[in-house]
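Participant: Kindly generate the corresponding structure for this input.
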Amino acid sequence: MIAHLYNASIQRHAGRLEAVYNYKNIGSGEYIEGAGVLDVERGGLQHISPLPWQTDTSIGDWYYSDDYRYKTADQVIHMLADIVSKNGNLLLNVVQYADGSLPPESQDFLEAMGRWMPVNGEAIYGTRPWTVFGEGPTRVKAGNFKEDFPFTAKDIRFTTKNGDLYAITLGIPTEPVTIQALSADSPLVSGQPTRVTLLGHAGKLEWTRTAEGLAVRLPPQLPSQHSLGFKISGLKTVSEVAPAVLADWNDRLTG
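Facilitator: Okay, the predicted model is just below:
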């Protein structure tokens with residue numbers, strides 16, 4: 001069936017494969033690496049996957065249910081940043097009533113996402129994973145039906161685009177943000193930052209770079225709730241980091 005899907009797509013699109021098959025690896029024997037895209041239901045991965053993958057989840061039940069607990073915008077935005085930083089895609093179900101209208105929880109969620117995404121979407125759309133997915137104290141467990149981790153503002157996720165590095169906080173910091181992966185002695189980058197900006201904020205930021213990390217002072221007024229996105233320009237990513245060194249820094253950043 002999958003071969004037919006792919007072959008038919010190739011025939012219809014002048015030799016180009018335009019079809020994607022997403023499927024789960026939950027012990028059923030269905031999953032074959034390379035035959036399709038891994039789908040992790042209501043869960044995620046611990047590290048960057050070399051192959052694209054997907055999380056499918058819902059802000060509540062898969063359909064409207066009485067007295068069901070809904071995810072907050074904080075939870076979904078933090079999940080989104082974590083998933084994208086690991087080469088994943090988030091497929092999100094928004095709960096509706098039977099007539100297609102929205103429960104108050106879904107309406108509130110969409111309004112919150114509608115405020116956050118125009119400000120911070122630059123750090124999400126069209127990006128690729130960086131050398132490491134992130135840093136911070138919260139450990140994510142891999143697998144299906146493992147989500148809603150208690151992320152903090154000290155948890156940071158990285159993405160890249162057009163030579164720039166994005167750092168997304170999984171919460172709203174109340175003190176200067178220190179990015180350890182960009183410390184003066186980091187083997188992950190070379191050179192010096194030429195510009196550090198906060199997405200949605202037009203003014204300049206005060207920042208310093210030491211052996212502790214790249215420390216960024218926050219402006220008095222923050223441009224968004226739930227999570228902040230920083231854009232760092234000028235640093236060059238080291239393309240080849242020794243595996244032992246990379247493993248050591250991964251442990252240091254997420255231990």
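Participant: how about the helices in the stretch 51-200 of the chain?
Facilitator: Counting by DSSP state H, counting those that start in this stretch, the stretch 51-200 of the chain has these helices, from start to end: 73-85, 104-120.
Participant: right, so of these, which gets closest to Thr160?
Facilitator: Proximity to Thr160 (CB to CB) singles out helix 73-85 among the helices of the stretch 51-200 of the chain, at 9.8 Å. (Each C-beta comes from the backbone N, C-alpha and C, glycine too.)
Participant: now the end-to-end length of stretch 13-27.
Facilitator: 34 Å (CA to CA, to the nearest Å).
Participant: Residues touching that stretch, excluding its own?
Facilitator: The set of residues external to stretch 13-27 that reach it, using CB atoms under 8 Å, 6 or more residues apart in numbering, is 2, 5-6, 8-10, 12, 30-31, 35-41, 54, 56, 144.
Participant: ok, back up a step: could I get the helices of the stretch 51-200 of the chain in CSV, plus columns for mean pLDDT, distance to Thr127 and mean neighbour count?
Facilitator: Below are the helices of the stretch 51-200 of the chain laid out as CSV (pLDDT from 0 to 100; distance: least, CB to CB, whole Å; neighbours: other CB atoms under 10 Å):
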stretch, mean pLDDT, distance to Thr127, mean neighbour count
helix 73-85, 97, 7, 24
helix 104-120, 97, 11, 16
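Participant: who wins for proximity to Val216 among those helices?
Facilitator: Checking the helices of the stretch 51-200 of the chain against Val216 by CB to CB gives helix 104-120 as the closest, at 15.5 Å.
Participant: quick one: the strands in the chain?
Facilitator: Remark: strands assigned in the chain by DSSP state E are 22-24, 37-41, 53-58, 88-93, 134-135, 156-161, 164-169, 177-179, 189-190, 195-198, 207-210, 213-216, 229-233, 236-237.
Participant: ok, the third one: who's next to it in the sheet?
Facilitator: Spelled out, it's strand 53-58. Neighbouring strands of strand 53-58 in its sheet, by DSSP bridges, are strand 37-41 (parallel), strand 88-93 (parallel).
Participant: Could you dump those into TSV with mean pLDDT and mean neighbour count added?
Facilitator: As requested, these are exported to TSV (pLDDT from 0 to 100; neighbours: other CB atoms under 10 Å):
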stretch	mean pLDDT	mean neighbour count
strand 37-41	94	19
strand 88-93	97	17
